[in-house]
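Visitor: Make a model of this:
(chains A and B)
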Amino acid sequence: MRNDLFPVHAGFLPLIDSAILVVGSEKGFAEDEGIDLTLVRENSWANIRDRMAIGHFEVAHMLAPMPIAAKLGLTPMPLEIIAPMALGLGGNAVTLSRRLGESLNIASDGTAFAAAPSSKALFGEVQRRRIGGLKKLVLGVVHPHSGHNYDLRYWLAASGIDPESDVDIVIIPPPYMPDALKAGRIDGFCVGEPWNSVAARDGSGVIMTTKSEIWRSSPEKVLGVSLEFAERNPEVLKALLRALTRAAMWCEKSDNHEELAHLLSRVHYIGIEPETLLPSLSGAFETADGTLHQVEDFFIPFSRAANFPWRSHALWFYSQMVRWGHADWDASQTEAISQTYRPDLYRSALATFDIPLPAASSKVEGGLPRTVPVGASKGSLLLGPDGFFDGKIFDPDMIEAYVLSQKT
Amino acid sequence: MSVVQLSVLVIDENHIRASIIEAGLREAGYQAVSVINELDGVAQHIERSQPDVIVIDIENPNRDMLEGLFALTRSVQRPIAMFVDKSDQRSIEAAVDAGVSAYVVDGLRKERVKPILDMAISRFKAFSHMARELADVRSELEGRKTVDQAKAILIKARGISEEEAYRLLRKTAMNQNRKLSEIAQSLVTASNLLEPQEQKP
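Guide: Reported below is the predicted structural model:
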């Protein structure tokens, strides 16, 4: 360690979307910006949050709704977290036990992991169980306030399954999901990669759908930063955002995926063999019948403004927290909530970079059926495709109507 | 009113540490103490036993599950807050540093809960102190074994006495400002590399 470097500690969980932090630290991007970035692997999201609260971590790999939950006072300790950067788009999948997945009998064609057919088929199974008085399905997610929980609920609810009463949703940390599925304690889960691939590889699980199929180009992890640290060290934070942006560009290049898979496979990062990590980086998954399919935009580390902390993403998560009773609807709160995401800090850190930055801080979510150029600071910026599988659109300016429409 | 006992659940994968906490709680007069060492089945146990206070090691992956259980399900009726008091930053820090966290039935008066957390913190600290000492003793024993090996190599290679071999190692260590065991380890490693190894079948 060079002693002229500024020390920054980042907590992370073993998932492929920790890649940007790992690469920032391992490939010298942080050091080039004068930062000694130390990564600490954690066992739970609660630990990441608590260790940030008492100052062990200045920044962390964080679930996108966590800064919002902190703002709403849903955390056990007072903590202000901001998200000045997203750590990519997508990266999760829904996996069911092999027996359940195969019994649903979903046809595998070109749209192997399409979200609607599997949601409908699962609705049939849920009804069969309800009528027959059979045990409810138990599905795992990684945290109450997580993209996984909200993705899974969105997927279930679209076909008429009530996530509150038709199934039991339980919390299990990502690396423990495959074991829980194998042991029959749960019937399925929604988790980040590589844990779906791990369950599929050992034969206990079948991947049903992916986050990118439920909502194309959707937000997942952010760089959570303690507000206190950000305010005290604005230049360090800018330097870190530049370093992580270079790391994200590196992760995006498919030529680097082999090396990335090897880096992540190390025991203090994910600790899973590169052969399993490589397909999940590229979005190649097997359906129940063993055929390999390429999922488009499964995980986007950099392109299409994947690191931009859209305020509309923060508001969508708030709408889901209200939808599932995790938070009360309060129109006067929306401003404060959207401000936990900090596109202003992202822009000012990257002002000298030759990359196009979105001109807006918020956008209509789910409204781009294909890739389109949008207004940007320089050059041309392509966004999308971006769409929810049920065709709904989230306009952050009409959040109240959206929240009300979901109440039914 | 004062005779009402709090029930305490200790969740710790480390059996020894869990029993140290359990013993401490019993000594302090808490009779309703139960312990879980397994990672599985924690939720069912909590639903059954409805503890007032849960003490859990901070590295335990079940912490997210616990928070989910308290935040989302209706199976545990009473809302549970973490640590003793949100505003008690010092006690939170002490707990996290020691590696323990506690979940407490909301509304319990903090004077009643604080002794439990304080006790858990001090026992967790004592345990990690003990574990560190044990590791030190182990590495010292390992070091001695390596020094003996290194001495044997020198005796054989240079035809010197055991005492001379030891002096040579010590002098080298002092000259290089390194530990005796490190010099011994380097010599053992180098010697293994140079030694023609028998082909293993």
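
Visitor: where does chain B have low pLDDT?
Guide: When the per-residue scores of chain B are filtered using pLDDT under 70, the ranges that remain are B:1-4, B:71-87, B:106-108, B:110, B:196-201.

Visitor: now swap in chain A and tell me
Guide: Under the criterion pLDDT under 70, the flagged ranges of chain A are A:1-2, A:107-110, A:407-408.

Visitor: Around chain B, pick out the residues from it.
Guide: With the criterion set to C-beta under 8 Å from any C-beta of the partner chain, chain A comes near chain B through A:43-47, A:50-51, A:53-54, A:56, A:74, A:76-78, A:142-144, A:169-173, A:175-176, A:183, A:185, A:326. Backbone N, C-alpha and C define where each C-beta goes, glycine included.

Visitor: Is there a quick PyMOL command that grabs whichever of these are buried?
Guide: What follows is the PyMOL syntax for the buried subset of the residues of chain A next to chain B, where burial is set by 16 or more other C-beta atoms under 10 Å in any protein chain shown:
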select buried, chain A and resi 43+44+45+46+47+50+51+53+54+56+74+76+77+142+143+144+169+170+171+172+173+175+176+185+326
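
Visitor: Distance check, residue B:43 against residue B:129.
Guide: Distance, residue B:43 to residue B:129, by C-beta to C-beta, to the nearest Å: 33 Å.

Visitor: residue ranges of the strands in the stretch 101-250 of chain A, please?
Guide: Using DSSP state E, counting those that start in this stretch, the strands found in the stretch 101-250 of chain A span residues A:137-141, A:167-171, A:188-192, A:205-210, A:221-226.

Visitor: The longest helix along chain B packs against which elements?
Guide: Secondary structure of chain B read by DSSP state H shows that its longest helix is helix B:110-158. Under the contact criterion of 3 or more C-beta pairs under 8 Å, 6 or more residues apart in numbering or on different chains; DSSP states H and E, the helices and strands touching helix B:110-158 comprise helix B:15-27, strand B:53-57, helix B:89-98, strand B:100-105, helix B:162-176, helix B:180-194.

Visitor: one step back: and residue B:43 and residue B:129? Which one has more around it.
Guide: Each of residue B:43 and residue B:129 had its neighbours counted (other C-beta atoms under 10 Å in any protein chain shown), and the higher figure belongs to residue B:43 (19 against 10).

Visitor: correct me, but the more buried one touches residue B:65?
Guide: Yes - under the criterion of C-beta atoms under 8 Å, residue B:43 lies in contact with residue B:65, with a separation of 6.6 Å.

Visitor: Can you check which residues contact both of those two?
Guide: Overlap between the neighbourhoods of residue B:43 and residue B:65 consists of residue A:170, taking contacts as C-beta atoms under 8 Å, 6 or more residues apart in numbering or on different chains.

Visitor: What residues sit buried inside stretch A:95-113?
Guide: Within stretch A:95-113, the residues that qualify as buried by neighbour count (16+ other C-beta under 10 Å) are A:95-98, A:100-101, A:104, A:106, A:108, A:112-113.

Visitor: Determine which residue of the chain is most distant from the centre point.
Guide: You didn't say which chain, so I picked chain A. When each C-alpha in chain A is compared with the mean C-alpha position (C-alpha atoms, centre = their mean), residue A:132 comes out farthest, at 35.7 Å.

Visitor: The intended chain is chain B.
Guide: With distances taken from the mean C-alpha point of chain B and given as C-alpha atoms, centre = their mean, the most distant residue is residue B:159, at 46.0 Å.

Visitor: Pipe the helices and strands packed on helix B:110-158 into CSV and attach mean neighbour count and distance to chain A per row.
Guide: Output for the helices and strands packed on helix B:110-158, formatted as CSV (neighbours: other C-beta atoms under 10 Å in any protein chain shown; distance: least, C-beta to the nearest C-beta, whole Å):
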stretch, mean neighbour count, distance to chain A
helix B:15-27, 17, 16
strand B:53-57, 25, 10
helix B:89-98, 18, 5
strand B:100-105, 24, 7
helix B:162-176, 14, 22
helix B:180-194, 16, 21
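
Visitor: Now tabulate these in TSV and tack on distance to residue A:365.
Guide: Conversion of the helices and strands packed on helix B:110-158 to TSV gives the following (distance: least, C-beta to C-beta, whole Å):
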stretch	distance to residue A:365
helix B:15-27	47
strand B:53-57	38
helix B:89-98	36
strand B:100-105	35
helix B:162-176	63
helix B:180-194	59
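
Visitor: domains of chain B?
Guide: By the assignment in automatic domain parsing, chain B contains the domains B:8-132, B:136-194.

Visitor: Report the central residue of chain A.
Guide: Taking C-alpha atoms, centre = their mean, the centroid of chain A lies closest to residue A:220, which sits 1.9 Å from it.

Visitor: my read: it touches residue A:88, true?
Guide: Yes - Residue A:220 sits in contact with residue A:88 when judged by C-beta under 8 Å, with a separation of 6.7 Å.

Visitor: Now do the same contact list for the residue of the stretch 101-250 of chain A found nearest chain B.
Guide: Of the residues in the stretch 101-250 of chain A, the one nearest chain B is residue A:171, at a distance of 3.2 Å by C-beta to the nearest C-beta. Under the criterion of C-beta under 8 Å, 6+ apart, the contact partners of residue A:171 comprise A:140-144, B:64-65, B:67-69, B:72.

Visitor: go on, residue A:128?
Guide: Going by C-beta under 8 Å, 6+ apart, the list of residues near residue A:128 reads residue A:134.

Visitor: follow-up on the earlier one: so what sits against both of residue A:220 and residue A:88?
Guide: residue A:17.

Visitor: check which helix or strand covers residue A:96.
Guide: Using DSSP states H and E, residue A:96 sits in strand A:92-97.
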